[in-house]
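Visitor: What shape does this take:
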Amino acid sequence: MIEKVNPAHPDKVADRIAGAIVDLAYQKQAEPKIAVEVLIGHGVCHVIIESSCDFTEEEIAPIINRIAGENRLDLCCVRQDIHLARNQDGAVRCGDNGIFRGAPLTEEQKELSRYAHEIYEKHPHDGKYILDGRRMIICQSNVSTEQLHDDYPSAEVNPLGDWTGGTDVDTGATNRKLGSDMADGVTGGGLHGKDLSKADVSVNIYAFLKAQELRRPVELCCAIGDTEIDGIPYSKIVDTARDYIKSIGGFEKFAEWGLY
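Guide: Okay, here's the model as predicted:
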């Protein structure tokens, strides 16, 4: 059983805005430190940024409006805590405590991901999808239920009928769709709105990729300040995550679908 939401879901909109701000941080600095939280809905977007970079409303507002349309921006941007900043001095060290689980994707999860991408390509609006064995549930906004029934006759489609969706109907917040992002690898930390020094990004990506390679679950833990995880330098884990992020087009693209 697995649920997937598409990039137009309000929570994914929040993830994408956070990811785009992280992309901007990497344009400003080679190795920025940043954590972004986004709450968006009903024409207002609240953004809190803790970072080694400075940002202005003139830089952030166009990102929000490109991804989510016209919204009033409420921006709070502060410098990263000095004690946390010192943790990174002189070496590549883990930026957070955490436990992490990588899990090989099941055929059911891969199948649902394919369906989700296919539907979103035809209908790029708010939607979510569930696959439980052979029970397929499609909730897709801004398209007639009748049309979806024609395209997917064996699925349960829009149980309450046609709907609108999006951030004018519902709010979105960063890192709220962990299951959609990580499938069976869900633990405590979300993937989005953070730089590569953060274990929630780099160790989650590393554990996911290792689980796909080994075809078995992978479990890891780390403490803030660690220079080695899973028997290798943390810098190599960061490089693995960096290569993965680059391969899919950046942090904003990463936020669209998560790890699968």
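
Visitor: From here on, just use CA atoms for contacts and neighbour counts.
Guide: OK.

Visitor: ok, and the helix or strand in this structure with the lowest average confidence?
Guide: Among the secondary structure pieces of the chain, namely its helices and strands, helix 82-87 has the lowest mean (mean pLDDT, DSSP states H and E), a mean of 78.

Visitor: buried stuff in that one?
Guide: The neighbour-count criterion (16 or more other C-alpha atoms under 10 Å) identifies Asn87 as the buried residues of helix 82-87.

Visitor: any idea which helix or strand comes after that helix?
Guide: On the C-terminal side of helix 82-87, the nearest following helix or strand under DSSP states H and E is strand 98-102.

Visitor: ok, residues contacting that following strand?
Guide: Strand 98-102 has contacts (C-alpha atoms under 8 Å, 6 or more residues apart in numbering) with 184-189, 199-200, 203-204, 207-211, 217-223.

Visitor: what element comes up after it heading to the C-terminus?
Guide: Helices and strands here follow DSSP H and E; after strand 98-102, the next one along the chain is helix 107-122.

Visitor: Which other helices and strands does that next one contact?
Guide: Packed against helix 107-122 by the contact rule (3 or more C-alpha pairs under 8 Å, 6 or more residues apart in numbering; DSSP states H and E) you find strand 2-5, strand 127-132.

Visitor: how near is Pro124 to Glu256?
Guide: Relative to Glu256, Pro124 is positioned 12 Å away (C-alpha to C-alpha, to the nearest Å).

Visitor: who's more crowded, these two?
Guide: The neighbour count for Pro124 versus Glu256, taken as other C-alpha atoms under 10 Å, is higher for Glu256 (22 against 18).

Visitor: And the helix ranked longest in the chain, what's buried?
Guide: With secondary structure taken from DSSP state H, the chain has its longest helix at helix 10-28. Of the residues in helix 10-28, those buried by neighbour count under the rule 16+ other C-alpha under 10 Å are 10-26.

Visitor: Residues contacting it, please?
Guide: The contact list for helix 10-28 (C-alpha under 8 Å, 6+ apart) reads 5-7, 32, 34, 36-41, 53, 60, 63-64, 67-68, 126, 166-167, 170-177, 192-195, 250-257.

Visitor: now the angle between strand 127-132 and that helix, please.
Guide: Note on geometry: by axes from the mean of the first three to the mean of the last three C-alpha atoms, to 10 degrees, helix 10-28 and strand 127-132 are set 110 degrees apart in direction.

Visitor: Just after helix 10-28, pick out the following helix or strand.
Guide: Tracing the chain past helix 10-28, the next element assigned as helix or strand by DSSP H and E is strand 34-41.

Visitor: For Asp151, grab the count of nearby residues.
Guide: The number of residues packed near Asp151 is 11, by other C-alpha under 10 Å.

Visitor: C-alpha coordinates for the longest helix of the chain, CSV please?
Guide: Below are the C-alpha coordinates for helix 10-28, written out as CSV (Å, rounded to 0.1, in the frame of the first residue of the first chain):
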residue,chain,number,x,y,z
PRO,A,10,-0.1,22.2,-1.9
ASP,A,11,2.5,20.4,0.2
LYS,A,12,4.6,19.7,-2.9
VAL,A,13,4.2,23.4,-3.9
ALA,A,14,5.7,24.3,-0.5
ASP,A,15,8.5,21.8,-1.0
ARG,A,16,9.3,23.2,-4.5
ILE,A,17,9.5,26.8,-3.2
ALA,A,18,11.9,25.7,-0.5
GLY,A,19,13.9,23.7,-3.0
ALA,A,20,14.1,26.7,-5.3
ILE,A,21,15.4,28.8,-2.5
VAL,A,22,18.1,26.2,-1.7
ASP,A,23,19.1,26.3,-5.4
LEU,A,24,19.4,30.1,-5.1
ALA,A,25,21.6,29.7,-2.0
TYR,A,26,24.0,27.4,-4.0
GLN,A,27,24.2,30.2,-6.7
LYS,A,28,25.2,32.6,-3.9
